[in-house]
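This is a predicted model, with the sequence first.
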Amino acid sequence: MSSTSSFHPLPSRPLTVAVLGATGAVGQELLALLTERRFPVGELRLLASPRSAGRRLVWQGRELTIEAVSAAAFEGVDVVLASAGGSISRRWAPVAAAAGAVVIDNSSAFRLDPEVPLVVPEVNPESALGHRGIIANPNCTTILLTLALAPLQARRPIRRVVVSTYQSASGAGARAMEELRKLSRTVLDGGEPVSEVLPHSLAFNLFLHNSPLQPSGYCEEELKMLYETRKIMALPELRLSATCVRVPVLRAHSEAVNIEFEQPFPVEEARTLLAEAPGVELLEDFAANRFPMPTDVTGRDPVAVGRIRQDLSDPNALELWLCGDQIRKGAALNAVQIAELLLDPAWREAAAQPVGAPSASTVGGAV
Ligand SMILES: NC(=O)c1ccc[n+]([C@@H]2O[C@H](COP(=O)([O-])OP(=O)(O)OC[C@H]3O[C@@H](n4cnc5c(N)ncnc54)[C@H](OP(=O)(O)O)[C@@H]3O)[C@@H](O)[C@H]2O)c1
């Protein structure tokens, strides 16, 4: 990739913000979060495809016109929150960064680029210090997973992770959500559901994640979980095997996670660590058999973790279940948190130090 040669913290004045992909599922959530979290927006530019150019949206009482993405649209922009897909990011993120913006990119375009930080603010905020104009937001299932793994890894090293995901329609965008609604009605009315957005009908059905299959037999989504978790957690040798499944849930992803450690990990200790971990909420009531569900986290920030238990087949392993709103924490919220990190006075101070001086404990206060 090409980008500017030095990183920059965001200035402490109202910022010019561009949302690229403003009409999409993630883009709409970004707009809501900028308001909710009182992000210091001076000017807001809404960018999408030529199909949406000229449409108007009201944001914070201001009527804004959507523009087709172009080089001119990035002039004078401080921060770009990009969620328009990998090919659009590959084309436009370097242009925006060269124009002086910091681009926080939700696509997979730059995630494994060694020059681009891949950041979950609760897990590796210090990585953002190395940015050169582009910061990548990780894959949604990976963000949710690392929030649960990081506090456990900090106590006892993880040897291997086996994870199965239950991914909602919203993970495939706004049109996939609409298709699930529509085809569910079709089935209830006795009709034959015919999918146009997803490869198969998700109505009263599920299927293995349809990202391209690799020669190993894993699909891209599963390999993203492996390689991105390794990069975020700075564990290049981590062993992780994932099976990703699309399920007929409108919004919020779930994951069944088996974590093998180097040594036994007392369940109560794991429970306490996860209850106290940033971005995590413990939601478990064994007496009532009540554990996290997608509806518990829809529209909410924390990743809900529960049913933490000893793996009866391995004295060194724990099992747990988690749910998180992947449009929110798995995409838009994580991106806004990264932008907030760049505004954090502690981070600014750390950014002014010589390379290598700051530590994770000195940054990330805004998260
Ligand atoms: N959904 C999730 O849970 C999730 C989670 C993490 C990451 N992501 C990533 O975020 C990105 C967007 O996902 P989404 O779910 O929000 O998708 P989406 O609902 O389909 O929205 C796509 C957005 O991209 C815009 N776009 C499409 N083609 C474009 C072009 N040629 N030029 C400029 N803009 C264009 C669309 O604008 P128009 O309306 O004009 O077509 C729309 O605003 C993807 O890279 C996805 O992998 C999504």
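Sure, I can see it. Residues are numbered from 1 along each chain as shown.

which parts of the chain sit against the ligand?
Residues of the chain that fall close to the ligand, judged by C-beta under 6 Å from any ligand atom: 21-27, 48-49, 51-52, 69, 83-86, 88, 106-107, 140, 170-171, 173-175, 326-327, 330-331. No exception for glycine: its C-beta is placed from N, CA and C like everyone else's.

Among those residues, name the buried ones.
21-27, 48, 52, 69, 83-85, 88, 106-107, 140, 170-171, 173-174, 326-327, 330-331 (16 or more other C-beta atoms under 10 Å).

Looking at the residues you listed, which are in helices?
Here DSSP state H is the test, and these give Ala25, Val26, Gly27, Ile88, Cys140, Ala174 as lying in helices.

Pick the one among those residues closest to Leu238.
Nearest to Leu238 among those: Cys140, at 18.9 Å, using C-beta to C-beta.

wait, doesn't the closest one sit right on Gly330?
Yes - counting by C-beta atoms under 8 Å, Gly330 is a contact partner of Cys140 at 2.9 Å.

Need the residues touching each of those two.
Common neighbours of Cys140 and Gly330, using C-beta atoms under 8 Å, 6 or more residues apart in numbering, are Gly171, His253.

For the ligand, what is the nearest residue in the stretch 51-200 of the chain?
Gly173 (2.9 Å; C-beta to the nearest ligand atom).

what's the closest non-adjacent residue to that residue?
Take Gly173 and drop its neighbours on the chain: the residue closest to it by C-beta to C-beta, 6 or more residues apart in numbering is Ala25, 5.2 Å away.

residues touching the residue in the stretch 251-367 of the chain that the ligand sits nearest to, list them.
At 3.6 Å from the ligand, Ala331 is the closest residue in the stretch 251-367 of the chain, using C-beta to the nearest ligand atom. Contacts here follow C-beta under 8 Å, 6+ apart; on that basis Ala331 touches Val26, Glu29, Ser83, Asn106, Asn137, Cys140, Ile143.

State the pLDDT value of Val367.
The per-residue pLDDT reported for Val367 equals 35.

Need the pLDDT of the residue nearest to the spatial centre of the chain.
Nearest residue to the geometric centre of the chain (C-alpha atoms, centre = their mean): Gly330, 2.8 Å. At Gly330, the pLDDT value in this model is 96.

Farthest from the middle of the protein: give me that residue.
Gly190 (36.9 Å).

hang on, that residue is in a helix, isn't it?
No - under DSSP: H, G, I helix; E, B strand; the rest coil, Gly190 falls outside any helix and is assigned coil.

In this structure, what residue lies closest to the ligand?
For the chain, C-beta to the nearest ligand atom, closest residue to the ligand: Gly24, 2.1 Å.
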